[in-house]
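Visitor: I'd like to go over a predicted model; first the sequence, then the structure.
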Amino acid sequence: MNKKLVLENGIEFYGKSFGSDVDCVAQLIFDTSMIGYQEILTDPSYANQMVVMTYPLIGNYGIIEDDNQSKIMPLTALIVREYNDKPSNFRYTKTVAEVLEENNVAGLAQIDTRKLTRILRSEGSMKGIICDVETSVETALKKISEHVVDTNVIQKLSVKKTWYSRTSNYNYNVVVIDCGGYISLIKSLNNLGCNVTVVPYDYSSEKILALKADGVVISNGAGNPYDATQVIETIKELQNKMPMLGVGFGYLLIGIANGLKVSEMKCGHHGKNYPVLDVITNKIEMTAQNHSYVIDSVDEKVSVCKVNAMDKTIEGIIVNDSKCMGVSYYPNAHLSNNAYIWLIDQIKKSVEEAK
């Protein structure tokens, strides 16, 4: 079925629908990943967004259920240049169109994604609507203007009750405050010898202390970080009591908890190819990122430990006089100098100091 995308600046793109045939309004962002569309589809950090894939061919290896990053598909729509509905992969169990339809997510193909990306790069991220081709621009723009931004994203993404991910021969117990986390985060901690307890976003600091955890991780998530007031208060109460790591959305919350200003970026960082400079080791890490907000600057209480090598934005901070760190990207568990290793080192030091 033919559908169209209308941007809030009035520009129209005509394409072909796949997945769920629904009309929808959401914020548009573009992702520069060449592979990993399944991880993007199941990453909670893409909640309430239309994702434009800059790589031109999507769907060619299908969907492998074991590779999902969460149990949900939170994005609003997937926009691609060319969609392949006949995957060539012995592991695939479903096509992209099938899982989009199952999760009521719109898909739009045969779009000039290069032109669309250039518009978003030059004018910044904006809202758009996917609708029938007969819908007038005036009607489409009216629906966009009437769209209300969801301020309860974290409440919808977070787990509703505590759950556990244990590993054999564990060394430490780590609590993950779930703001919309991904499975790879849990697996990375398990691989480093940690039993993990995943708790809801509104889990109090008193309850976390009662779990006798060795460290805390604030997960990635979606939405405006200033709306996550309960998590921010929990960070304030815990960051001087035990080692703490914030990842993605969690990094922003650590910044806000320490009085730093966070602002929305023009078009954000979304992709798996962002070089980040570790200012301590002077080494470059190639990182996967998905964030639309950035910490503007730091003060004497906080030190910058990671910087984006392309646009020089802050990608990592360490709170001075505490064992608290945050990184805006998804740490690579295979790198020896990644943020998870930093957390484990801080836990080791805390355990030794407590003896």
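Guide: On my side now, so go ahead.
Visitor: just the strands in the stretch 151-300 of the chain please.
Guide: With DSSP state E, counting those that start in this stretch applied, the stretch 151-300 of the chain shows strands at 163-165, 172-179, 194-199, 215-221, 244-247, 262-278, 283-295, listed in chain order.
Visitor: out of the ones you listed, which comes closest to A26?
Guide: Among these, strand 283-295 comes nearest to A26, with 12.6 Å by C-beta to C-beta. For the C-beta atoms, the positions are set from N, CA and C on the backbone; glycine is no exception.
Visitor: could you say what helices and strands that closest one packs with?
Guide: Using 3 or more C-beta pairs under 8 Å, 6 or more residues apart in numbering; DSSP states H and E, the elements in contact with strand 283-295 are helix 249-257, strand 262-278, strand 314-319.
Visitor: What is the distance between the second one and the centre of its chain?
Guide: Translated: strand 262-278. Centroid displacement of strand 262-278 relative to its chain, using C-alpha atoms, centre = their mean, to the nearest Å, is 11 Å.
Visitor: same question, stretch 67-85
Guide: 14 Å.
Visitor: Going by neighbour count, list what's buried in that stretch.
Guide: 68-70, 72-81, 83-84 (16 or more other C-beta atoms under 10 Å).
Visitor: same deal with stretch 253-273?
Guide: In stretch 253-273, counting by 16+ other C-beta under 10 Å, buried: 253-258, 260, 262, 267-272.
Visitor: Just checking, which of these comes out lowest on pLDDT?
Guide: Looking at these, model confidence by pLDDT dips furthest at K272: 89.
Visitor: Not counting residues beside it along the chain, what's closest to the residue nearest in space to the middle of the chain?
Guide: Centre of the chain computed as the mean C-alpha position; nearest residue by C-alpha atoms, centre = their mean is S45, 3.2 Å away. With sequence-adjacent residues excluded and distances taken as C-beta to C-beta, 6 or more residues apart in numbering, S45 is closest to N290, at 4.6 Å.
Visitor: swap in N103?
Guide: According to C-beta to C-beta, 6+ apart, the nearest residue to N103 is M73 (3.9 Å).
Visitor: What residues does Y37 make contact with?
Guide: By C-beta atoms under 8 Å, 6 or more residues apart in numbering, the residues touching Y37 are 53, 58-59, 78, 96.
Visitor: hmm, try it at 6 Å
Guide: Neighbour list for Y37: I58 [criterion: C-beta atoms under 6 Å, 6 or more residues apart in numbering].
Visitor: how near is N273 to M286?
Guide: Separation of N273 from M286 (C-beta to C-beta, to the nearest Å) stands at 7 Å.
Visitor: what separates the residue nearest to I63 when sequence neighbours are not counted from L100, distance-wise?
Guide: Spatially, and ignoring its direct neighbours in sequence, I63 is nearest to K94 (4.6 Å; C-beta to C-beta, 6+ apart). Distance, K94 to L100, by C-beta to C-beta: 10 Å.
Visitor: More neighbours: which of these two?
Guide: L100 (24 against 15; other C-beta atoms under 10 Å).
Visitor: Do you know the pLDDT at the closest residue to K86 other than its chain neighbours?
Guide: Using C-beta to C-beta, 6+ apart and skipping the chain neighbours, the partner closest in space to K86 is T95 (8.0 Å). Per-residue pLDDT puts T95 at 97.
Visitor: what's the answer for L343, then?
Guide: Looking at L343, its pLDDT reads 92.
Visitor: need the longest helix for this protein.
Guide: helix 339-354 (DSSP state H).
Visitor: Restrict it to CA atoms and write it as CSV.
Guide: The C-alpha trace of helix 339-354 is given here as CSV (Å, rounded to 0.1, in the frame of the first residue of the first chain):
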residue,chain,number,x,y,z
ALA,A,339,33.2,1.4,31.5
TYR,A,340,32.1,-2.0,32.9
ILE,A,341,35.7,-2.8,33.7
TRP,A,342,36.0,0.6,35.5
LEU,A,343,32.9,-0.3,37.6
ILE,A,344,34.4,-3.7,38.6
ASP,A,345,37.7,-2.0,39.5
GLN,A,346,35.8,0.4,41.8
ILE,A,347,33.8,-2.4,43.4
LYS,A,348,37.1,-4.3,44.1
LYS,A,349,38.5,-1.2,45.8
SER,A,350,35.4,-0.8,47.9
VAL,A,351,35.4,-4.4,49.0
GLU,A,352,39.1,-4.2,50.0
GLU,A,353,38.5,-0.9,51.9
ALA,A,354,35.6,-2.5,53.8
